[in-house]
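>>> Below: sequence and its predicted model.
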Amino acid sequence: GENVEQHPSTLSVQEGDSAVIKCTYSDSASNYFPWYKQELGKRPQLIIDIRSNVGEKKDQRIAVTLNKTAKHFSLHITETQPEDSAVYFCAASMGGADGLTFGKGTHLIIQP
Amino acid sequence: GAGVSQTPSNKVTEKGKYVELRCDPISGHTALYWYRQSLGQGPEFLIYFQGTGAADDSGLPNDRFFAVRPEGSVSTLKIQRTERGDSAMYLCASSFPGETQYFGPGTRLLVL
C-alpha cells in the first residue's frame, strides 16, 4: 500500500518568514495530494490540494508543488502569521474512490 | 450548511465492552470515510463507503471492528470487546466521490 513520509516533524519560524514542509509518497498510482491543517483539539481542515496533472497551485500565501517523477510534494507558506501555528498533514490517494494515506504531521510554530 | 457531525464527542468505556460511534455526513455526500487518529500521529484510514456498501475496508485492524451505512447516509462504527489499544480519536469524513474530504469533529474514545 501507499506510504507517505513527512518532514520535518517540528518547524519553528519567525513571524513573517516562510515555512516549507516536504512529503514523499511511494505509490506511483497516487494522483491526489491534499494538505490539512489541524489545530489542537479540532478537526483537520483542508487548506490546499493538488492533482497529478498540475505541477504547482497557489492560494494567497499558500502554495503546493508536486514532482511526480521524484514522488514528492511540498507545502509553502509565505509571510507566516501567528494563526498559522498548527499541525499540518500531507496526504495522498488515488483520487477516485480511495481513503487518504496521511503523513505523521509537522508541528509548525510561529515565533513572534 | 451543516458540516459532518459525530456523536458522542467523548466516550469512556471499560475493556471488553461494546461501543458504537455515529457519523452524520454532509447532506448529499455519497462517500463516507472512517479514520483513527492516535496522539501525535496522522489519521489512519479504516473504511470507505460509497452509498450503502463498504467499497474498501482494508484499514479495519481486526474483526472486532465493523461499520455500517444502511441507508447511504448515517454511518455507525462498531467496536466489540474493546481493548486499551483502541483508545484514540475516531474521525469521520464525507465527500462527493473523488472530491475534497470534509472531516467531522471526531469521537474521542478512552478504554479503561
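Nice, thanks for sending it over.
>>> Nearest spatial neighbour of residue 11, chain-adjacent residues omitted?
Picked chain A for this. In space, and not counting its chain neighbours, residue A:11 is closest to residue A:108: 5.2 Å by Cβ to Cβ, 6 or more residues apart in numbering or on different chains. No exception for glycine: its C-beta is placed from N, CA and C like everyone else's.
>>> please go with chain B instead
Spatial nearest neighbour of residue B:11, chain neighbours left out: residue B:109 (5.0 Å); criterion: Cβ to Cβ, 6+ apart.
>>> got the contact list for that neighbour?
Residues in contact with residue B:109 (Cβ atoms under 8 Å, 6 or more residues apart in numbering or on different chains) are B:11, B:13, B:19, B:21, B:79, B:82, B:86-90.
>>> ok, 7 Å please
B:11, B:19, B:86-88, B:90 (Cβ atoms under 7 Å, 6 or more residues apart in numbering or on different chains).
>>> Please apply the same query to residue A:33.
Residue A:33 neighbours (Cβ under 7 Å, 6+ apart): A:49-50, A:66, A:73, A:90-92.
>>> Spell out which parts of chain B neighbour chain A.
Within chain B, the positions near chain A by Cβ under 7 Å from any Cβ of the partner chain are B:31, B:33, B:41-43, B:45, B:48, B:50, B:55-56, B:59, B:91, B:97-98, B:100-101, B:103-106.
>>> Among those residues, which lie within helices?
Using DSSP state H, no member of these falls in helices.
>>> ok, the spatially most central residue of chain B - contacts?
The residue lying closest to the centre of chain B (Cα atoms, centre = their mean) is residue B:34, at 3.6 Å. Residues near residue B:34 by Cβ under 7 Å, 6+ apart: B:46-47, B:67, B:77, B:90, B:92.
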